[in-house]
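K.L.:
Fold the stuff below for me.
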Amino acid sequence: MKLYRRLLRYLRPYLWPRGAAMVGCMLFFSGIESSVPFVVRYAIEQVLVGGQTSLVPVLGIGVVALSLLRGMLEYLSSYLSDWIGQRVVTDLRRQLAGRVQTLDVAYFNRMRAGQIVSRVTADSLLVRTALTDAIKSIFKDTTTLIGLIAVAVYMDWVLAILGCVLLPVAAVPIRLLSTRLRQQTRRQQQETGKLNAMLHENVQGNRVVKVFGKEDYETQRIGKQAELVFRIFMRTSRLRSFPVAEIVAGLAMAGVFWYGAGTRTAGNLGAFLVALALLYEPFKKLVKTNYAIQQGLAGADRIFALLDMLPDVRDRPDALPFPGVGAGIRFEGVSFAYEPAEPVLHGIDLEIGTGTVVALVGESGGGKSTIADLIPRLYDVTGGRITVGGVDVRDVRLAELRGHIAVVTQFTFLFNDTVRANIAYGEPERSLDEIVAAARAANAHEFIERLPAGYETQIGDLGVRLSGGQRQRLAIARAILRNAPILVLDEATSALDTESEALVQDALERLMVHRTTVVVAHRLSTIRRADAIVVVSRGRIVERGTHEELLARAGEYRQLYDRQYGAEDGAEQARGA
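P.N.:
Alright, predicted model coming up:
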């Protein structure tokens, strides 16, 4: 009940005037429904038995009028219910989307994209059904049921007891079915989320699938998951469709007819049977509503679990404004672990002076990118601290910290939008002239001008209509436009051909001017001009110095250089130094 009460709070903003109008329509509908048995009894006694055929036109007009009024009330109540329900869904989706934006990178590492999307879309629809069906049940089906029970008692209390005695008995199987239905619905939503994740992954990786000829494999894999979802759905359907109300209604009708035949007049018995038939209709709807509520609560469980989730990386209550780069960036005894028992960084001490370029190099998996990710607080350190301008980054307002950092990575994420919108992402107020200037500085203006619509060209999902070098130059233009004092470059040229690398490297050198820059590099040719090169191995800093100094030491950096350029070339470079 606590969960459902929380859910009902989402109805509060819409109780007036639409909610009140909807309830009024439903109550009026219940009143008309409760009057039908009296109309039937009057027609049987006065026309069919009494022979007053002159009343036929009046009764006909009355029945048509009642049907039209009943239909109009049904239409209005359904429309208003749908409007309120969809508003609640929209509010929930907005809240969920907002919550997802606040969660840290660690959450997205654990969850697959399709599962997150499923919570925002599919689960919110289940919740809508639970809320709107509940409203209908309370103000329409419940009041209609009570009204018809009162009519049945008024007409013949003995037959009413006989007809309604099975209603409480039906509660036992309904309760058992409800519990199982909620469990099955929760599992159905989980497996549907997995299916969505597979489809999302398959669409994003379609080129890899085709290159490796795995179309049949992917079809079978997705088909297997779809089959599992189907089986769970059918179990849910069997539970939801079990005819408890129909069985009870049939037994009650049979009992009333058996007992009342021969002891009641045709008018009274006919009117009572109509009342009983009408009575069991809202009862059946109430049973189905209960099932819908159970399914909605399964969705609400998952929704509120996400809404209640707090990110590990968040502002402290007394967070400070960004202090400026000041004395630069310092790592003081920093350690970090993605999982508690698996440390990735150990005692990192590193100073990055204001306006200097520091390059992080080393074998893959050594911890270079993790060091870079800690500066904008994509993760928080598990030991030690990182300072900017002498202030611990955990004491700085997160939005301001990140607002002063520009990042360019190997994997350039571009949105399915225009070139202009992608460059101006995060800086939407910038003019076209400023955007063009940033593109020129990133060596991107020329290829943009050749696109079909120039800066207004749609670039497709992840910028699929552009080459790798073009995508990277757009990302650099985006960073240039931001004009942030701190710059993080994470393998920004590693996936490019020689020509594209030259253009991108030229753009990056312009971008790095007068900025405090951290470069994570695999290609050593890109970081020779760095003020300092730091070699990271197995989560520790093992060497630091300039390119020439590190070559001369013949340590781990020299080994990396020799593996990339050959021992002979390395020796010549060392002699030259």
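K.L.:
From now on I want contacts and neighbour counts done on CA atoms only, so please keep to that.
P.N.:
Fine.
K.L.:
which stretch of helix or strand covers Asp318?
P.N.:
Using DSSP states H and E, Asp318 sits within no helix or strand.
K.L.:
Report how many residues lie close to it.
P.N.:
Neighbours of Asp318 under the rule other C-alpha atoms under 10 Å: 9.
K.L.:
what about the nearest residue to Gly85 once chain neighbours are set aside, how many neighbours?
P.N.:
Distance criterion C-alpha to C-alpha, 6 or more residues apart in numbering; nearest residue to Gly85, sequence neighbours excluded, is Arg128 at 5.3 Å. Arg128: 27 surrounding residues under other C-alpha under 10 Å.
K.L.:
now Arg128: how far from Met22?
P.N.:
Here Arg128 is placed at a distance of 16 Å from Met22 (C-alpha to C-alpha, to the nearest Å).
K.L.:
about what we covered before: contact partners for the residue nearest to Gly85?
P.N.:
85-86, 88-89, 296 (C-alpha atoms under 8 Å, 6 or more residues apart in numbering).
K.L.:
Over to Leu511?
P.N.:
Counting by C-alpha under 8 Å, 6+ apart, Leu511 has contacts 441-442, 476, 479-480.
K.L.:
Of these, which is the nearest to Tyr291?
P.N.:
For those, the minimum distance to Tyr291 (C-alpha to C-alpha) is 52.3 Å, reached by Ala479.
K.L.:
how near is the closest residue to the closest one other than its chain neighbours to Gly367?
P.N.:
Spatial nearest neighbour of Ala479, excluding adjacent residues (C-alpha to C-alpha, 6+ apart): Ala406 at 5.3 Å. As defined by C-alpha to C-alpha, Ala406 lies at a distance of 20 Å from Gly367.
K.L.:
what do you get for Ala170?
P.N.:
63 Å.
K.L.:
A helix includes Ala492, no?
P.N.:
No: applying DSSP: H, G, I helix; E, B strand; the rest coil, one finds Ala492 to be coil, outside a helix.
K.L.:
so it makes contact with Ser369?
P.N.:
No: Ala492 is beyond contact range of Ser369, at 11.6 Å (criterion: C-alpha atoms under 8 Å).
K.L.:
out of those two, which sits in the more crowded spot?
P.N.:
Just comparing Ala492 and Ser369: by other C-alpha under 10 Å the higher neighbour count belongs to Ala492, 28 against 20.
K.L.:
show me the contacts for the more buried one.
P.N.:
Contacts of Ala492 (C-alpha under 8 Å, 6+ apart): 408-411, 472, 521.
K.L.:
Tell me which two of those residues sit farthest apart.
P.N.:
Gln472 and Ala521 (15.1 Å).
K.L.:
more crowded one of those two?
P.N.:
More neighbours surround Gln472 than the other of Gln472 and Ala521, with 29 against 23 (other C-alpha under 10 Å).
K.L.:
Tell me the spacing between the more buried one and Glu342.
P.N.:
33 Å.
K.L.:
Let me know how buried the closest residue to Gly463 other than its chain neighbours is, in neighbour terms.
P.N.:
Leaving out its chain neighbours, the residue that sits closest to Gly463 by C-alpha to C-alpha, 6+ apart is Leu414, at 5.5 Å. By other C-alpha under 10 Å, 22 other residues sit near Leu414.
K.L.:
just Tyr4 next, same as before
P.N.:
If we define neighbours as other C-alpha under 10 Å, then Tyr4 has 17 of them.
K.L.:
Which strand or helix spans it?
P.N.:
Using DSSP H and E, Tyr4 sits within helix 2-8.
K.L.:
which secondary structure elements does that helix contact?
P.N.:
Secondary-structure packing of helix 2-8 (3 or more C-alpha pairs under 8 Å, 6 or more residues apart in numbering; DSSP states H and E): helix 266-307.
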